[in-house]
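S.K.: Build me a model:
(one chain, ligands or ions: 1)
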Amino acid sequence: MQRVLVANRGEIALRIIRACRELNIESIAIFSEADRDSLHVKYADRAVCVGPAPSSQSYLNLQNIISAAVVHGADAVHPGYGYLSEQPLFAEMCEAHNLIFIGPSPEQIELLGDKARAKAVMAEAGVPVIPGSEGPIESDAELIKIAEEIGYPVIIKAAAGGGGRGMRLVWKAEDLLQQSKIARAEAAAAFGNDQIYLEKYFVNPRHIEVQVVADHHGNVVHLGERECSLQRRHQKLLEECPSPAVSDELRERLGAAAVQGAKAVGYRNVGTVEFLLDAQGEFYFMEMNTRIQVEHPVTEMVYGIDLVKEQLRIAAGEELGYDQSGIGAYGHAMECRIIAEAIGKESRPSPGTITRLQVPGGCGVRWDSHVYQGYTVPPYYDSMFGKLIAWGTDRDEAISRMERALEELVIEGIETSVPFHRKVLQHPRFRKGDFSTSFVDELLSEQS
Ligand code: MV4
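M.R.: Just a heads-up that it's a prediction; the model follows:
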């Protein structure tokens with residue numbers, strides 16, 4: 001692998017370019033007309049404009065991106081997260097043009113992108129899955145029967161959804177059919193696929209995800225879990241590794257289940273197996289993501305493995321070169337997603353020019369971002385513009401490092417999530433590690 005086209009923008013594009021440089025691989029950045037001044041464009045060996053500001057015409061423009069890769073002699077394409085990273089058609093088009101898609105096969109993306117089928121395959125492989133329908137719902141009679149079996153509340157999800165998109169919660173039997181009609185109509189409109197599946201609804205679970213790494217030779221390992229419960233409207237705001245709720249014994253069982261699931265689908269690439277953890281400490285498979293994730297750095301800090309370099313090596317056909325016994329975790333890491341938005345009960349993105357920027361540093365601190373002083377955050381894309389990561393020998397040290405780093409971080413000109421992050425870090429429940437997916441909403445209503 002000699003030249004990689006990075007089919008993404010912002011901090012993750014820069015992250016991938018950095019990994020390429022360390023491996024002596026040339027990088028080609030793509031950018032929209034609104035992103036000319038981003039650091040990912042400056043740090044790449046070459047950069048190609050692929051279209052106007054709207055993502056639909058640039059970062060989602062398959063034709064222009066494939067053309068840029070072919071014209072500039074790339075031999076591989078890294079999709080990052082979001083955008084085309086989980087589109088089977090894009091992976092297929094890469095292959096059709098003799099470009100290595102840095103990810104799993106189109107068939108694996110398709111299978112795991114169908115959340116109902118993915119659950120059925122995982123259940124078949126012996127992975128504990130959330131109780132509910134085995135595959136998509138075929139009839140109203142089936143829907144009613146399964147809901148009665150698992151008991152209310154239940155949740156209807158779109159097979160083509162994921163990440164919190166296309167879900168309807170149902171508390172009582174009278175509402176079931178009406179909600180399923182709405183769910184189907186919404187799924188058809190949003191994804192062009194009206195398939196739905198049914199699950200028992202867990203109240204206030206923790207969201208735990210396991211990092212897996214799999215090569216083309218059948219080697220699969222896990223790199224522990226990340227705690228991802230701190231989110232608002234399905235946008236994660238702070239993640240940590242390990243989870244304060246996971247014991248060494250539970251980690252072994254979670255990891256074994258994730259590896260078993262990845263092996264069952266012949267997975268290759270890094271991947272994330274998402275579980276819900278209930279108050280009794282039982283875990284259930286929810287879905288699997290076939291991409292590098294935003295929060296991957298916390299795992300990197302604790303496991304000492306560069307996950308993006310692993311993706312590049314795996315895609316080039318190399319063997320992992322270690323097995324589960326060669327993997328060790330040390331310490332604790334957390335990530336704050338710095339977004340251009342003041343987080344409150346009501347908040348909206350605050351794009352604009354960063355008039356002053358001072359980034360933190362020092363022992364155990366990492367800053368992943370494509371912005372700099374004088375840069376203008378464009379209004380067209382996701383509002384996250386930086387990730388602040390802190391590592392410590394234990395959770396307390398990681399927290400105090402993060403607080404110190406947030407104090408050092410100076411951003412002027414736009415509103416940011418930094419005041420919110422400071423509040424979370426001070427909260428007694430966060431300090432105790434005693435929180436679930438409803439914590440952020442509870443925190444925001446506390447301070448009305
Ligand atoms: C659930 C659930 C409770 N029970 N499924 C939201 C994200 C998407 N991946 C699935 N989600 C949920 N699925 C069952 N059966 C609760 C959520 C959920 C959630 C999950 C993780 C993190 C934050 C969340 C916030 C609200 C709901």
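S.K.: For the residue nearest the centre of the chain, which three-state class applies?
M.R.: Taking Cα atoms, centre = their mean, the centroid of the chain lies closest to residue 293, which sits 3.5 Å from it. Classification of residue 293 by DSSP: H, G, I helix; E, B strand; the rest coil places it in coil.
S.K.: Excluding residues flanking it in the chain, which one is nearest it?
M.R.: residue 272 (5.4 Å; Cβ to Cβ, 6 or more residues apart in numbering). All C-beta spots, glycine's among them, are computed from the backbone N, C-alpha and C.
S.K.: what's the answer for residue 303, then?
M.R.: residue 223 (4.6 Å).
S.K.: Could you report the neighbour count for the one you found?
M.R.: 25 (other Cβ atoms under 10 Å).
S.K.: Identify the residues contacting it.
M.R.: By Cβ atoms under 8 Å, 6 or more residues apart in numbering, the contact set of residue 223 is 211, 212, 213, 299, 303, 305, 307, 327, 329.
S.K.: Mark which of the residues you listed are part of helices, please.
M.R.: Those of the contacts of residue 223 mapping onto helices are 299, 303, 307, per DSSP state H.
S.K.: Help me confirm that residue 126 is found in a strand?
M.R.: No. Read with three-state DSSP, residue 126 is coil and lies in no strand.
S.K.: quick one, phi/psi of it?
M.R.: Backbone torsions of residue 126, given as degrees, to the nearest 10, read phi 90, psi 10.
S.K.: Kindly report the same for the one 5 residues further on.
M.R.: Its backbone dihedrals place residue 131 at phi -60, psi 140, with angles given as degrees, to the nearest 10.
S.K.: do the one 4 residues further on as well
M.R.: With angles defined as degrees, to the nearest 10, residue 135 shows backbone torsions of phi 90, psi -170.
S.K.: So what sits opposite residue 386 in the bridge?
M.R.: Residues in a beta bridge with residue 386, per DSSP bridges, are residue 338, residue 369.
S.K.: so how many other residues sit close to it?
M.R.: Residues near residue 386, counting by other Cβ under 10 Å: 25.
S.K.: quick one, strands of the stretch 51-200 of the chain?
M.R.: Secondary structure of the stretch 51-200 of the chain (DSSP state E, counting those that start in this stretch): strands at 76-78, 100-101, 154-162, 165-170, 196-200.
S.K.: whoops, I mixed them up, the stretch 251-400 of the chain
M.R.: For the stretch 251-400 of the chain, applying DSSP E, counting those that start in this stretch gives strands covering 269-277, 283-289, 332-339, 352-353, 356-358, 365-369, 376-377, 384-392.
S.K.: Enumerate every residue touching the residue nearest to residue 293.
M.R.: 209, 210, 211, 212, 288, 289, 291, 293 are the contacts of residue 272 under Cβ under 8 Å, 6+ apart.
S.K.: Phi and psi next, for the residue of the stretch 1-150 of the chain found nearest the ligand.
M.R.: The minimum distance from the stretch 1-150 of the chain to the ligand, using Cβ to the nearest ligand atom, falls at residue 130 (4.7 Å). Torsion angles at residue 130 (phi, psi; degrees, to the nearest 10) stand at phi -60, psi 130.
S.K.: From what I see, it and residue 118 are in contact.
M.R.: No. If you go by Cβ atoms under 8 Å, residue 130 and residue 118 don't touch, sitting 11.6 Å apart.
S.K.: if we can go back for a sec, state the number of residues packed around the residue of the stretch 1-150 of the chain closest to the ligand.
M.R.: Residue 130, neighbours per other Cβ under 10 Å, totals 24.
S.K.: what's it in contact with, if anything?
M.R.: 119, 199, 200, 202, 276, 284, 285, 286.
S.K.: Neighbour count and distance to the ligand added to the residues you listed, as CSV?
M.R.: Below are the contacts of residue 130 laid out as CSV (neighbours: other Cβ atoms under 10 Å; distance: Cβ to the nearest ligand atom, whole Å):
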residue, neighbour count, distance to the ligand
119, 26, 10
199, 24, 4
200, 18, 6
202, 20, 4
276, 19, 6
284, 22, 8
285, 23, 11
286, 23, 6
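S.K.: and which of those is nearest to residue 243?
M.R.: residue 276 (12.4 Å; Cβ to Cβ).
S.K.: Any regions of the chain where pLDDT drops low?
M.R.: 448 (pLDDT under 70).
S.K.: How far off centre is the longest strand belonging to it?
M.R.: Longest strand in the chain, counting residues (DSSP state E): strand 220-232. Strand 220-232 sits 9 Å away from the centroid of its parent chain (Cα atoms, centre = their mean, to the nearest Å).
S.K.: Provide the strand pairings for that strand, with the direction of each partner.
M.R.: By DSSP bridges, strand 220-232 pairs with strand 206-214 (antiparallel), strand 235-241 (antiparallel).
S.K.: The ligand is nearest to which of the ones you listed?
M.R.: Proximity to the ligand (Cβ to the nearest ligand atom) singles out strand 206-214 among the strands paired with strand 220-232, at 3.5 Å.
S.K.: any bit of the closest one sitting next to the ligand?
M.R.: Yes. Applying Cβ under 6 Å from any ligand atom, one finds strand 206-214 in contact with the ligand at residue 207.
S.K.: between that strand and strand 269-277, how big is the angle?
M.R.: Angle of strand 206-214 versus strand 269-277, following axes from the mean of the first three to the mean of the last three Cα atoms, to 10 degrees, is 160 degrees.
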